[in-house]
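K.L.:
Compute the structure for the input listed below.
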Amino acid sequence: MKRSWKSIENATQMTKRIRWSPQADNDLDQILDYLNKKWSNSVAVRFLNRIDEMTELILNDPKLFPVIEDLLKIRRCVLTKHNSLYYIVDEDGISILRVFDTRQDPNKLRFAD
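P.N.:
Numbers count the residues shown, from 1 in each chain. Coordinates of the predicted model:
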């Protein structure tokens, strides 16, 4: 499933770009595969719509969600009760680091590519 929203631009004061790390892209592909196989395409589409909504909120107010890791300034956005999106804000825009299924072992949550 091709995602065209990977580089959303905000037309307000400053144009920010959302960049997806290879790990976040892989995470998302795995979640979408799971949703399509175990549930349905419509559930996967609703999940993508939720990501669109949350990334739009992040673009409008990048510091909306709490910092969960002080040193790297990683923020966590809860997408669903089972999935969270982790990102950082820098001068170039917003980097999505992970889309993590919270039912996994939390020790698997690493932020290096």
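K.L.:
drop to CA atoms for contacts and neighbour counts, all remaining ones
P.N.:
Noted.
K.L.:
these two touch, right, Asn36 and Val43?
P.N.:
Yes: contact criterion CA atoms under 8 Å: Asn36 and Val43 qualify, at 7.4 Å.
K.L.:
Please export the C-alpha coordinates of the top helix by length along the chain as CSV.
P.N.:
Ranked by number of residues, the top helix in the chain under DSSP state H is helix 41-60. C-alpha atoms of helix 41-60 as CSV (Å, rounded to 0.1, in the frame of the first residue of the first chain):
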residue,chain,number,x,y,z
ASN,A,41,-8.4,-3.4,4.6
SER,A,42,-11.0,-1.0,6.1
VAL,A,43,-9.3,-1.3,9.5
ALA,A,44,-5.9,-0.6,7.9
VAL,A,45,-7.3,2.4,6.2
ARG,A,46,-8.8,3.7,9.5
PHE,A,47,-5.3,3.2,11.1
LEU,A,48,-3.7,5.3,8.3
ASN,A,49,-6.4,8.0,8.7
ARG,A,50,-5.5,8.1,12.4
ILE,A,51,-1.8,8.6,11.5
ASP,A,52,-2.8,11.4,9.2
GLU,A,53,-4.8,13.1,11.9
MET,A,54,-2.0,12.8,14.5
THR,A,55,0.7,13.9,12.1
GLU,A,56,-1.4,16.9,11.2
LEU,A,57,-1.6,17.7,14.9
ILE,A,58,2.1,17.3,15.3
LEU,A,59,2.7,19.6,12.3
ASN,A,60,0.5,22.3,13.8
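K.L.:
so where's this structure shaky on pLDDT?
P.N.:
Applying pLDDT under 70 to the chain picks out residues 1-15, 112-113.
K.L.:
if we go to 80?
P.N.:
Judged against pLDDT under 80, the low-scoring parts of the chain cover residues 1-16, 105-107, 112-113.
K.L.:
center of it, which residue is that?
P.N.:
Leu85 (3.9 Å; CA atoms, centre = their mean).
K.L.:
Tell me what angle the helix or strand that one falls within forms with helix 41-60.
P.N.:
Counting by DSSP states H and E, the element that carries Leu85 is strand 83-90. Relative orientation of strand 83-90 versus helix 41-60 (axes from the mean of the first three to the mean of the last three CA atoms, to 10 degrees): 30 degrees.
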